[in-house]
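1. Provided below for reference: sequence and predicted model.
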Amino acid sequence: MRFIFMSEGETAPGASHEHRYRELIDEVLLAEKVGFDAFGTSEQHVAIGTATTSAPEVLYPYLMALTSRIRFIHLVTLLPTRINHALRVAERVATEDILSNGRIELGVGRGNTTLALRAFEVSPAENKSQQLEGVEVIRRALHNDVFSFVGEHYKIPPRSLVPKALQSPCPPIHMATGSPESVRQAAELGIGAIMGGFYLGFGFIEGMLRMYDEALASATHTYPLQAHRSVVVSGGMHCAETREEARTWARGLKESVGLSTDAYERLSKLSSDYQYMGAVKDIDFNDERYMFEDSANFIVGDPDDCIAQVQRFADLGVETLVMRIDGLPHKELMKSIELFGKYVIPHFKNPRGIARTPDAILADIRAARPAHYTEREEFENTMHHNEPAIAGAGDAR
């Protein structure tokens, strides 16, 4: 399983954006050190309270120069034509791929806040088709030396992308998928699906994964497959030394959850493409037990708790966990990143390398003794029966 550290640079009232960005840089450097596979942030415009990351394409190259191993993934780049022209996205991703030495991935979406959509005069009824055309433009530009495209939103004559990306056949592409329809579309395109974020529980995640696998298997693919199953833990991950400490801090994330989901029900009424988002109205965000244990949008507790919670995703076949680690004081975020990297990630990456207690090792040694003595006796009996034949052969010589 891959582990992705996601932050949106949430800045507390009274603090400066400059200071929060400096903190975020330190958090990413620590994440690389302790074993996270990638860092990602969303593209959020004119957001209130929860996100300040309006230009990931500027932030990432700075971080790329300070790191050597950790990958970077756009979570997500918005593809409505009034926000990002797809050809510009392809150019930026190719440039980032070169600067990072092949450590960039592209996630795409259409936007899920009325603040951003209205600010850029994006129609909720059109941005779905704009996103799908944009994905095709990006893939053609990255895969083909000379490409062109004619559709409803893009009419690009034969051109050649400059510069060319480093990864082959191209940097991995993923799509944010909140509805069954979008999961099916990602699978039919043969690209990764980023699922979750609606607090509807593990049954919802399991159903989405099943739909993705079924659609992937039945589709005919034009491009090389880049299939991947990712789930976003959007409420938050917080790992602390004790369960109570972790939950005490995580309770402070509820305001961020409320702000991030506030537009969902309104969007569900603006376009049939967003109708699925109305399901959040049935979620009791004040039910702490449900939110922390069963919503599939929090990983909260001590290291053992976090291991058990991650295992629930692993048992479903999730290949990547995207975990929002944000919205708390920098000191607590750094502790959480370090504890998760020190105790949780190794459990899934290299379980044989985890040191065990002497008592546990001695118990296994004692349990293995009977089989060892039985094997030894069988060996000695075999050698004893072979002794005359061996001696006779020696005398003959």
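-> The structure has been received and is ready for your questions. Numbering: from 1, shown residues only.

2. Please report the distance of Val310 from Arg71.
-> Remark: distance between Val310 and Arg71 (C-beta to C-beta, to the nearest Å) = 19 Å. Every residue, glycine included, has its C-beta placed from N, CA and C.

3. again with His19
-> Counting by C-beta to C-beta - His19 and Arg71 are separated by 26 Å.

4. again, but for Ala186
-> Taking C-beta to C-beta, one finds Ala186 at 20 Å from Arg71.

5. before we move on, the earlier item: higher neighbour count, His19 and Arg71?
-> Arg71 (21 against 12; other C-beta atoms under 10 Å).

6. List the buried residues of stretch 115-125.
-> Neighbour-count burial for stretch 115-125 flags 116-117, 120, 122, 124 (criterion: 16 or more other C-beta atoms under 10 Å).

7. how about that stretch as CSV, C-alpha atoms only?
-> This file holds the C-alpha atoms of stretch 115-125, laid out as CSV (Å, rounded to 0.1, in the frame of the first residue of the first chain):
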residue,chain,number,x,y,z
LEU,A,115,-17.1,29.5,-4.2
ALA,A,116,-14.6,28.5,-6.9
LEU,A,117,-17.1,27.6,-9.7
ARG,A,118,-18.9,30.9,-9.4
ALA,A,119,-15.7,32.9,-9.1
PHE,A,120,-14.5,31.5,-12.4
GLU,A,121,-17.9,31.5,-14.0
VAL,A,122,-18.0,27.7,-14.5
SER,A,123,-21.3,26.1,-15.3
PRO,A,124,-22.0,23.0,-13.0
ALA,A,125,-23.9,21.5,-16.0
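
8. was I right about Tyr199 contacting Asn297?
-> Yes - Tyr199 sits in contact with Asn297 when judged by C-beta atoms under 8 Å, with a separation of 5.0 Å.

9. Now do the shared contacts for those two.
-> Residues touching both Tyr199 and Asn297 by C-beta atoms under 8 Å, 6 or more residues apart in numbering: 235, 291.

10. got any ranges where the stretch 101-250 of the chain has weak pLDDT?
-> Filtered on pLDDT under 70, the stretch 101-250 of the chain yields no residues whatsoever.

11. need the strands for the stretch 1-150 of the chain, in chain order.
-> 2-6, 38-41, 71-78, 104-109, 147-150 (DSSP state E, counting those that start in this stretch).

12. coming back round to it: can you add distance to Val280 and give the buried residues of stretch 115-125 back as JSON lines?
-> Formatted as JSON lines, the buried residues of stretch 115-125 follow (distance: C-beta to C-beta, whole Å):
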{"residue": "Ala116", "distance to Val280": "18"}
{"residue": "Leu117", "distance to Val280": "18"}
{"residue": "Phe120", "distance to Val280": "24"}
{"residue": "Val122", "distance to Val280": "21"}
{"residue": "Pro124", "distance to Val280": "17"}
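
13. Can you read off the backbone torsions of Leu321?
-> phi -110, psi 120 (degrees, to the nearest 10).

14. list the contacts for it?
-> Contacts of Leu321 by C-beta under 8 Å, 6+ apart are 1-4, 230-231, 233, 299, 310, 313.

15. which SS class is the residue most central in space within the chain?
-> Geometric centre of the chain, nearest residue: Val322, 2.8 Å, by C-alpha atoms, centre = their mean. Three-state assignment for Val322 (DSSP: H, G, I helix; E, B strand; the rest coil): strand.

16. got the contact list for it?
-> Here Val322 is in contact with 4, 6, 40, 75, 194, 230-233 (criterion: C-beta under 8 Å, 6+ apart).

17. which one of those residues sits closest to Lys33?
-> Using C-beta to C-beta, Ile4 is the member of the contacts of Val322 that sits closest to Lys33, with 15.6 Å.

18. how much space between the residue lying closest to Gly151 once chain neighbours are set aside and Gly111?
-> Excluding the flanking residues, the one nearest Gly151 by C-beta to C-beta, 6 or more residues apart in numbering is Glu133, at 4.6 Å. Distance from Glu133 to Gly111, counting by C-beta to C-beta: 15 Å.

19. do Ile104 as well
-> For Ile104, the distance to Gly111 - C-beta to C-beta - is 21 Å.

20. swap in Leu200?
-> 20 Å.

21. likewise Ser230?
-> For Ser230, the distance to Gly111 - C-beta to C-beta - is 19 Å.

22. What's the mean pLDDT across the longest helix along the chain?
-> Across the chain, the longest stretch assigned as helix under DSSP state H is helix 358-396. Mean per-residue pLDDT for helix 358-396: 81.

23. What is that helix packed up against?
-> Here helix 358-396 touches no other helix or strand, going by 3 or more C-beta pairs under 8 Å, 6 or more residues apart in numbering; DSSP states H and E.

24. that older thread, need the max-distance pair from the contacts of Val322.
-> Among these, Gly40 and Val231 lie farthest apart (C-beta to C-beta), at 13.2 Å.

25. pLDDT score for the closest residue to Lys164 other than its chain neighbours?
-> Leaving aside its chain neighbours, Lys164 sits nearest to Ala94 (6.2 Å; criterion: C-beta to C-beta, 6+ apart). Listed pLDDT for Ala94 reads 98.
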